[in-house]
Structure formats: C-alpha cells, structure tokens
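*Asks:* Got a predicted structure here, sequence first:
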Amino acid sequence: MSKINQATIHKTAKPFSLPDARKELIPWAIALLGLLVMYFPTFRDLFNGLWAGDQQGHGPIVLAVSVWLLWKQAFQVIAAPLRPTFFVGWALLIFGLLIYIIGRSQNILIFEVGSLIVIVACTVLILRGTEALRYLWFPLVFMIFMIPLPGVFVDAMTQPMKTAVSYVVESVLYAVGYPISRSGVILQIGQYQLLVADACAGLNTLFTLEALGLLYLNLVKHQSIARNIVLAICIVPISFVANVIRVIALTLITYHLGDEAGQGFLHDFAGMVLFMAALLLIILFDGFLRFIFVKKS
C-alpha cells in the first residue's frame, strides 16, 4: 500500500471522539435531571415519613440496590442499537405521568412510586428502543419491592402470618423445655410477655426477604431455568423460617437477659440475624438444588 493511500485512510477514518460521546449522553442527562426533579419530593417525603419506620425500612435499601443495578446496565443500554419505539414509548410516558399526578395529588403511594418504573421504561424506549430495555428488565422488576403496599392489604395478610410464626415459635421452644405459652400473637415465656409485631413477622418483612432472594438469583445467574424457578418459589417458605428464627432469638434474649436486652441493641441485632439467616438458608438450599440437578443431568 502506498503512503498516499495510507494518508487518505487516516484522513477519512473518524474514530468515536469525546465530543461525540458527550452528544450521545445529552438526552440521557436531560432525562435523568427530569426524573430527579420530578421524584425528589416523593423520596424526600418517604425518607422523612414511611421509610423512617421499621415496617417500610427496607425501602431505602431497595432504592439503593435498584440504582446500582440500573447504573450497572447503563453502558449496555447506551451502546444498544438505536431503534426507538416512539409510539409505545410516548403512550407509556403519558400513562406514567397520569398515574404519577393522581398518586401525588391524592397521596396514593402505590401510584406515585410505581409510576417511576413506567417512566424509566418509556424513557429507554423513546431514547433507544426495546433491545435496550431488555437490559433493564431485572432492575425494573426489582424496583417493585420499594413500592409501599396498601395498608388494608398489608393488615389483612400480616395477621395470619404473625399467628403462624407465633405458633411455630411456641411449639419449638416448648418442645425443648422452655416455659412458654401463646395467646394469639402474644407469647408468654417465664415472667415476660412478648407481642409479635408487624416488623418481626409481617408481609413487609416477607417482601424484603423475597427481594433479597431474587437479588441473589440475579447475581449467581444459574443457567438452569428449572433451578431458578424452584429457588424463587422456595424463597417464600425460607423467609418464613428466617422470621421464626428471629422471633425465637428475641424470645430467648428476653427470657435469659431481661426485657431491656430484648428491646435494646440486641433487638436491632436480631433484625440483622433475620437477613443473615435468610441468606444462609437460600445459599444452603441452592447448594441442595445444585446437587439434585447435577445428579439428574
């Protein structure tokens, strides 16, 4: 090849430059700024209100993990082929804005927070297309776990769950010789009475542990679809067992160390025990499934 031809090639070739990258990111930056301005009041109210309590304390954790998952896939989304779906995208955007306005004006958090998932999805459809949206399917599904559940639904589901946990705790501790009795969701052990609260064995706790299990599935990325489905289904009973372990721990702490210990630092530490127990049970059950599926194959 001659020197003239080489020079011609070097002049005509246009590598991806920094100005091109900046131009590519401008629409995404504008969309991100719009989302921050739009949802800042929502999350400010949640951090100062509902998320400050025990029952919905998982909200900030799910939000942080969701942001991390979205950031993790951001470069793949931006690098996806440019095939925007304008009709579906704008239709979803209008729908998302409507449910946001209704939720914000009427204080319906399931609409107000849930609209974020719709608006993020339609933004990706408008700016990039369906192929880019496929990279975000798990982060968007995971964001569902930060949506506050309706109080009526939570109350209806929580009472039978607390009763079941209380019954199992009483049966286990009575079987090993502890002086324990139960009346509904109130446990009497020795001279102490313990009320199994919503935060200890409620639907929101189950919701949080389900999110933890699905995050584990996403991180390990098993190739076997059947194994993933079985593990996802079994996260529910695993979460129940983890709740039982937490209540047993709190009951024994109160019985042996007194009421102050049961309501103080060790009470908060029992919350960490809940998540550690759930994660350990998920890992152990996953190992059991690996043995079964490998043996079958």
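*Replies:* Ah, there it is.

*Asks:* Show me where the protein has its strands.
*Replies:* Taking DSSP state E, the strands of the chain run over residues 180-183, 186-189, 192-195.

*Asks:* Quickly run through the sheet partners of the first one, with directions.
*Replies:* Taking DSSP bridges as the criterion, strand 180-183 sits next to strand 186-189 (antiparallel) in its sheet.

*Asks:* In the partner strand, which residues are buried?
*Replies:* Across strand 186-189, burial judged by 16 or more other C-beta atoms under 10 Å covers 187, 189. The C-beta positions use only the backbone N, C-alpha and C, and glycine is treated the same way.

*Asks:* Over to stretch 59-68?
*Replies:* Buried-residue list, stretch 59-68, by 16+ other C-beta under 10 Å: 59, 61-63, 65-66.

*Asks:* where are the low-confidence patches of this structure?
*Replies:* Scanning the chain for pLDDT under 70 picks out the ranges 1-22, 53-55, 57, 151, 154-155, 197-205, 260-273, 294-297.

*Asks:* now the helices for it?
*Replies:* Assigned by DSSP state H, the chain shows helices spanning 3-12, 18-48, 59-79, 86-106, 109-127, 130-134, 137-142, 151-175, 198-201, 203-220, 225-257, 259-263, 265-296.

*Asks:* I'd like those laid out as TSV, including distance to Gln191.
*Replies:* Converted to TSV, the helices of the chain look like this (distance: least, C-beta to C-beta, whole Å):
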stretch	distance to Gln191
helix 3-12	87
helix 18-48	39
helix 59-79	36
helix 86-106	48
helix 109-127	41
helix 130-134	59
helix 137-142	44
helix 151-175	15
helix 198-201	20
helix 203-220	28
helix 225-257	9
helix 259-263	9
helix 265-296	18
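
*Asks:* among these, which is nearest Ser181?
*Replies:* Nearest to Ser181, of all the helices of the chain, is helix 151-175, at 7.0 Å by C-beta to C-beta.

*Asks:* elements contacting the closest one?
*Replies:* strand 180-183, strand 186-189, helix 198-201, helix 203-220, helix 225-257 (3 or more C-beta pairs under 8 Å, 6 or more residues apart in numbering; DSSP states H and E).

*Asks:* hmm, 10 Å instead?
*Replies:* Judged by 3 or more C-beta pairs under 10 Å, 6 or more residues apart in numbering; DSSP states H and E, helix 151-175 is in contact with strand 180-183, strand 186-189, strand 192-195, helix 198-201, helix 203-220, helix 225-257.

*Asks:* Just the angle for that helix relative to helix 225-257, thanks.
*Replies:* Angle, helix 151-175 to helix 225-257, by axes from the mean of the first three to the mean of the last three C-alpha atoms, to 10 degrees: 60 degrees.

*Asks:* And helix 151-175, how far out from the chain middle?
*Replies:* In terms of C-alpha atoms, centre = their mean, to the nearest Å, the centre of helix 151-175 is found 23 Å from the chain centre.

*Asks:* got it, and stretch 134-145?
*Replies:* 9 Å.

*Asks:* buried residues in that stretch?
*Replies:* So for stretch 134-145, counting by 16+ other C-beta under 10 Å, buried means 135-136, 138-140, 142-143, 145.

*Asks:* I'd like those residues laid out as JSON lines, including distance to Phe47.
*Replies:* Listed next are the buried residues of stretch 134-145 as JSON lines, based on distance: C-beta to C-beta, whole Å:
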{"residue": "Tyr135", "distance to Phe47": "29"}
{"residue": "Leu136", "distance to Phe47": "24"}
{"residue": "Phe138", "distance to Phe47": "25"}
{"residue": "Pro139", "distance to Phe47": "21"}
{"residue": "Leu140", "distance to Phe47": "22"}
{"residue": "Phe142", "distance to Phe47": "19"}
{"residue": "Met143", "distance to Phe47": "16"}
{"residue": "Phe145", "distance to Phe47": "17"}
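
*Asks:* tell me which of those residues is nearest to Leu50?
*Replies:* Phe145 (14.2 Å).

*Asks:* Compute the first-to-last residue distance for stretch 100-113.
*Replies:* 8 Å (C-alpha to C-alpha, to the nearest Å).

*Asks:* what does stretch 103-112 give?
*Replies:* Span of stretch 103-112 from end to end, C-alpha to C-alpha: 4 Å.

*Asks:* before we move on, the earlier item: out of the helices and strands packed on helix 151-175, which gets nearest to Val88?
*Replies:* Per C-beta to C-beta, nearest to Val88 of the helices and strands packed on helix 151-175: helix 203-220, 25.6 Å.
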